[in-house]
Every structure is written in C-alpha cells, then in structure tokens.
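S.K.: Sharing a model prediction with you, sequence too.
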Amino acid sequence: MPEAPKLEPLKFTEQFRFLVGNLRLLRQETEAEAILVFPEVPVDWGKMKKILGDEKVIVCSIKSDYLSTAVVHGYGTIHLHFEGGTSIYEKISHAVIEAVADGLIQEGGCVLALYSALDPSHLDSITIFNLSEHLEKLSRRDLQQLESSVPLKVLKTVVDLAVDIGWEGREGKPIGTMFVVGDTNRVMAQSRELCFDPVKGYKRHERSIFDTKVREGVKEISQLDGAVIISKEGIVEAACRYLESQSTATISLSPGLGARHMTAAAISRTTSALAITVSQSSGTIRIFKNGEVALRIESRQRTPLVWRDFDQDRPE
C-alpha cells in the first residue's frame, strides 16, 4: 500500500504576517473573545505564538498530533470529528459549540476563525462568527446537560442532519422522521423491526454519521417508517425500528404534538437516550430528554442554525 504524501508545514510568509496583524486589529475592534485556528498541515506553534503574541487562541483540528503540540505552547484545543468534504462553516459551528461546552469561551460575543480557503499550506482567510446569532438562548449548562448522555460531537452531527432533513425534505416533499441517539442496547430492546433494515450487513465504519456519504444515505432512509437508532459513538445501528415504550400514558406534551413526538418523549424517559424528531408539517426539530422537550430548532428559517429553548411549542 503506497504511503500517504507528506504534508508540507504551514508557511509563515510576509502575507501571513500581514494577515495576522490585521487579525489582531480586528479582534480589538470586534472585542472577539478568541481566535479559532483551523490548520490543515503541521504548524510550528512556537513560531505561531511569537506572531500572535498573547492572543487567546484555540486550535481546532481532526489531527490529534496537531493538538498535542499546540497544548505545549498553552493553546486551547478542540478535536474535530469530520470526514473530508465538510464545509468550513460546519467546522466552525462544531468548534464553537464544543468550546462553549468545555468552558473555553462564553455564550455571548463573537470569535474569529483563521483557516485555509485556497491552499492548505497557508492560513489565508478570516471569518467573524457571532455566537449570539448561532447559540441564541442555548447556555453552557444546557450543552453540558445534553452532553451527559451523548457526546456533543455526535449530538451536533445528528441535529445538523435533522435540520437538513427539516429544511430540504426529500425530492421536494417535506418528511418527518425520528433519530434515537445513545443507550443503544436498551433502545433496541424496546423496539422491533418494521420491515427490512436497510443498514443491516454493513461494516461499522460504513455506518458512521461522520462520513458525508453515510449522512446522505440516512436522509434517504428517513423517508421510510420507523426510527433510526444511532449509538453514542455515532454509528447507525439500525433503521426502520418501531419503538414499543410503554410509558406514553404518563407523558404530557404541548397540544398539537402527535404520536411521533409522544413516542420520542417516552423512549427518552425509559432509557438514557436522546430522541430527535423532525416535524413533517413545520420542519421543526425537537430534542427529547427524560420525557420532555429539551431544545427546539426551527429549521425552515433562512437564518443561521439557532438552538432555542422549549418554552412554547406551537400546535402542528
């Protein structure tokens, strides 16, 4: 098997130094809390620290060795879990939520992202990312409570997938569906096959939701009846499952929420899993925990993804 080509390290050109100079001025103007750096090649973090000075920097990468060397120089780190083809917006969004959950940054204000848009060996682009728009009412406490049963990186990926389904539908038609994430053994014990399971027989790495192709496949599966079961590691364990939780009689939800939401609430109460529903009529995403709606997301608004509290659920 041929060896992977060796990546050239990040180039510290005069243009890069000029860009960093403007980055520091921009951070002062915007009062940004931190600079998120997304390297795609090895970086001499000692040299980077001389250029950036005492700026608060958080290094975000899928490469654990990039992070370990950044830690040595006092930088915060976020380990991304994405396959190739992921947009920079998705990477920034994931990094921001992880950073808030880990207490590296606060919910308000903004951060600056420094990344490679044209050439992996150069950090050549800057984006201002307003947390107030992206996280709105979602607090660090909310994030940590949700992360208690399912790792945040898995939850975020499944929710983004649900938002895509709520916004796009399939073939121009709105669809409703449900994902159940975590506590897989108990969830499987409280469910049964509705029909042939479309993910049966695939290898584990072929069912990872961090793979773009798998997420596209799940969008197709979501048109079928039944729930999609996903492990806390982000593996699609089963699809087209009928949930048989017996606790629906004790569930109390807002008027207008139907059988899918009732079942999602019930399975989240009888297990430690999180249930995520997509409403066919409105595209609204709801995350259920312990039998209640923990968060609601309006997917069909033409705004950045906003996580909302569950204070008022509209009838459907």
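M.R.: Okay, I see it. Everything numeric in this text was worked out from a predicted model, so none of it was measured.
S.K.: Using CSV, list the CA coordinates for stretch 216-231.
M.R.: Output of stretch 216-231 as CSV, limited to C-alpha atoms (Å, rounded to 0.1, in the frame of the first residue of the first chain):
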residue,chain,number,x,y,z
GLU,A,216,-26.7,11.3,2.6
GLY,A,217,-27.8,7.7,2.9
VAL,A,218,-29.6,8.4,6.2
LYS,A,219,-31.5,11.2,4.5
GLU,A,220,-32.9,8.6,2.0
ILE,A,221,-33.7,6.1,4.8
SER,A,222,-35.5,8.9,6.8
GLN,A,223,-38.4,8.7,4.2
LEU,A,224,-39.2,5.2,5.5
ASP,A,225,-41.4,4.5,8.5
GLY,A,226,-39.8,3.9,11.9
ALA,A,227,-36.9,5.4,13.9
VAL,A,228,-33.2,5.5,13.1
ILE,A,229,-31.1,4.2,16.0
ILE,A,230,-27.6,5.7,16.5
SER,A,231,-25.0,4.8,19.1
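S.K.: List the buried residues of it.
M.R.: Judged by neighbour count (16 or more other Cβ atoms under 10 Å), stretch 216-231 contains these buried residues: G217, V218, K219, I221, S222, G226, A227, V228, I229, I230, S231. All C-beta spots, glycine's among them, are computed from the backbone N, C-alpha and C.
S.K.: Need those residues in TSV (columns: secondary structure).
M.R.: As requested, the buried residues of stretch 216-231 are exported to TSV (DSSP: H, G, I helix; E, B strand; the rest coil):
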residue	secondary structure
G217	helix
V218	helix
K219	helix
I221	helix
S222	coil
G226	coil
A227	strand
V228	strand
I229	strand
I230	strand
S231	coil
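S.K.: And the furthest pair within these?
M.R.: Using Cβ to Cβ, the buried residues of stretch 216-231 span at most 18.9 Å, a distance reached by K219 and S231.
S.K.: From start to finish, how long is stretch 281-291 in a straight line?
M.R.: Stretch 281-291 has an end-to-end distance of 22 Å (Cα to Cα, to the nearest Å).
S.K.: Student question: in this structure, what's the helix or strand with minimum average pLDDT?
M.R.: The weakest-scoring helix or strand in the chain, judged by mean pLDDT, DSSP states H and E, is helix 140-147 (a mean of 59).
S.K.: Look up how far L295 lies from V180.
M.R.: 16 Å (Cβ to Cβ, to the nearest Å).
S.K.: what does K50 give?
M.R.: Distance, K50 to L295, using Cβ to Cβ: 42 Å.
S.K.: ok, those two, which is more surrounded?
M.R.: Taking neighbours as other Cβ atoms under 10 Å, K50 and L295 compare with L295 leading, 22 against 10.
S.K.: Please report the distance of the closest residue to that one other than its chain neighbours from I97.
M.R.: Closest residue to L295 apart from its sequence neighbours, by Cβ to Cβ, 6 or more residues apart in numbering: I287 at 4.5 Å. Distance, I287 to I97, by Cβ to Cβ: 13 Å.
S.K.: then the host helix or strand of V159 to CSV, C-alphas only?
M.R.: V159 is part of helix 152-168, with elements assigned from DSSP states H and E. Once non-C-alpha atoms are left out, helix 152-168 reads as follows in CSV (Å, rounded to 0.1, in the frame of the first residue of the first chain):
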residue,chain,number,x,y,z
LEU,A,152,-21.7,16.6,21.9
LYS,A,153,-19.9,16.0,18.7
VAL,A,154,-22.3,13.1,17.9
LEU,A,155,-25.4,15.1,19.0
LYS,A,156,-24.4,18.1,16.9
THR,A,157,-23.8,16.0,13.8
VAL,A,158,-27.2,14.2,14.2
VAL,A,159,-29.0,17.5,14.9
ASP,A,160,-27.4,19.1,11.8
LEU,A,161,-28.6,16.1,9.8
ALA,A,162,-32.1,16.5,11.2
VAL,A,163,-32.1,20.2,10.3
ASP,A,164,-31.1,19.4,6.7
ILE,A,165,-34.0,17.0,6.5
GLY,A,166,-36.4,19.5,8.0
TRP,A,167,-35.3,22.2,5.6
GLU,A,168,-34.8,20.2,2.4
